[in-house]
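>>> the following comprises the amino acid sequence and a computationally predicted model.
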Amino acid sequence: MVSITRENLELMIELQSAEIDAAGIEAALASLPAQAAALEMQLVEATGLVESRKNHAAELKKKYRMIEADFETSQSRIRKRKTQLDSVKSNKDYQALLKEIDDIHATCSRMEDEMLQCLDDIDAAEAGLAEAENMYAGEKAVIEGKKREYEEIAAVEREKLSQLQAKIRKIVDMLDPALKGKYDNIKSKSGGVAIVSVNGGICKGCHLNIPPQLYNELHRENELRLCPHCYRMIYVL
Ligand SMILES: [Zn+2]
């Protein structure tokens with residue numbers, strides 16, 4: 001039997017509570033980078049939408065400039081054919097030239113329609129782009145706000161953790177080293193919980209009944225007892 005003072009028992013209970021709290025904070029702090037990365041991913045998606053809409057608007061403008069260049073070429077062809085009209089000798093050639101001019105005019109008229117349609121498409125694409133840029137700006141503001149919030153939470157939690165770590169060091173300094181060794185050993189084998197209370201004869205660690213005699217002994221003896229089922233250190237309040 002290992003004897004234990006009430007003081008050492010209380011130190012271990014306090015140590016365990018501080019260690020569990022510290023582990024919880026460490027887990028929460030460890031999850032923050034992944035949460036921040038998930039936020040960044042949302043922003044990457046919003047950037048993708050802006051880029052694709054920007055490209056779409058640029059393509060339409062390029063298309064417009066190409067039609068416009070063809071239109072200018074056709075216009076100069078019309079001007080050229082018109083000057084040729086004066087030097088044509090036969091009526092047949094004259095009619096053919098007039099027909100050609102008419103055909104080019106018809107083509108130009110179609111190109112004008114296409115250019116108008118293209119201008120409408122450019123307007124729509126630019127409105128879509130502005131909408132995507134607004135969405136991006138809005139999302140970025142929200143995400144940056146959340147990231148600042150995370151950083152504030154992390155700073156508070158880091159402070160709490162450092163206080164807990166100081167408390168843990170202080171308790172360990174005061175605790176009987178042999179008990180600390182036993183505590184660590186049980187803790188590593190029992191899911192991080194080394195010491196549990198027994199309430200109404202039931203171990204809080206495994207929720208099984210402990211033998212009545214052991215339960216009675218717990219009330220009156222200053223000896224370290226282990227639960228016969230889960231092998232954790234047990235105590236009564
Ligand atoms: Zn137990």
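Thanks, I have it.

>>> strands of this structure, start to end?
For the chain, the strands defined by DSSP state E occupy 2-3, 195-199, 202-203, 223-226, 233-235.

>>> so which of these is the most packed in?
strand 233-235 (a mean of 22; mean count of other C-beta atoms under 10 Å). Where C-beta positions appear, they are placed from N, C-alpha and C, glycine not excepted.

>>> please name the residues that touch the spatially most central residue of the chain.
For the chain, Ala38 is the residue whose C-alpha lies nearest the centre (C-alpha atoms, centre = their mean; 1.2 Å). With contacts defined as C-beta atoms under 8 Å, 6 or more residues apart in numbering, Ala38 has no neighbours.

>>> separation between it and Ala30?
To Ala30, Ala38 is 14 Å away according to C-beta to C-beta, to the nearest Å.

>>> what of Thr83?
Applying C-beta to C-beta, the value for Thr83 to Ala30 is 82 Å.

>>> who in the chain is up against the ion?
Cys203, Gly205, Cys206, Cys227, His229, Cys230 (C-beta under 5 Å from the ion).

>>> farthest-apart pair in these, please.
Largest separation among the residues of the chain next to the ion by C-beta to C-beta: Gly205 and His229, giving 8.3 Å.

>>> so which of the two has more stuff around it?
Using other C-beta atoms under 10 Å as the criterion, Gly205 and His229 rank with Gly205 on top: 22 against 13.

>>> does that one touch Cys230 like I think?
Yes: contact criterion C-beta atoms under 8 Å: Gly205 and Cys230 qualify, at 4.7 Å.

>>> okay, and the common contacts of the two?
Contacts common to Gly205 and Cys230, judged by C-beta under 8 Å, 6+ apart, are Ser190, Val196.

>>> what's the offset of stretch 63-82 from the middle of its chain?
How far stretch 63-82 lies from its chain's middle: 53 Å, per C-alpha atoms, centre = their mean, to the nearest Å.

>>> swap that for stretch 189-204, sorry
38 Å.

>>> same check, this time on stretch 26-33
Taking C-alpha atoms, centre = their mean, one finds the center of stretch 26-33 at 13 Å from the center of the full chain.

>>> next: stretch 183-195.
Centroid displacement of stretch 183-195 relative to its chain, using C-alpha atoms, centre = their mean, is 35 Å.

>>> now stretch 137-153
How far stretch 137-153 lies from its chain's middle: 11 Å, per C-alpha atoms, centre = their mean.

>>> which residues are contacting it?
Contacts with stretch 137-153, where a contact means C-beta under 8 Å, 6+ apart, come from Leu32, Gln35, Ala36, Leu39, Glu40, Gln42, Leu43, Ala46.

>>> quick one: low-confidence residue ranges for the protein.
Residues of the chain meeting the criterion pLDDT under 70: 1.

>>> at 80 instead, please
1-2, 220-221 (pLDDT under 80).

>>> residue contacts, Ala23?
So Ala23 contacts Gly192 (C-beta under 8 Å, 6+ apart).
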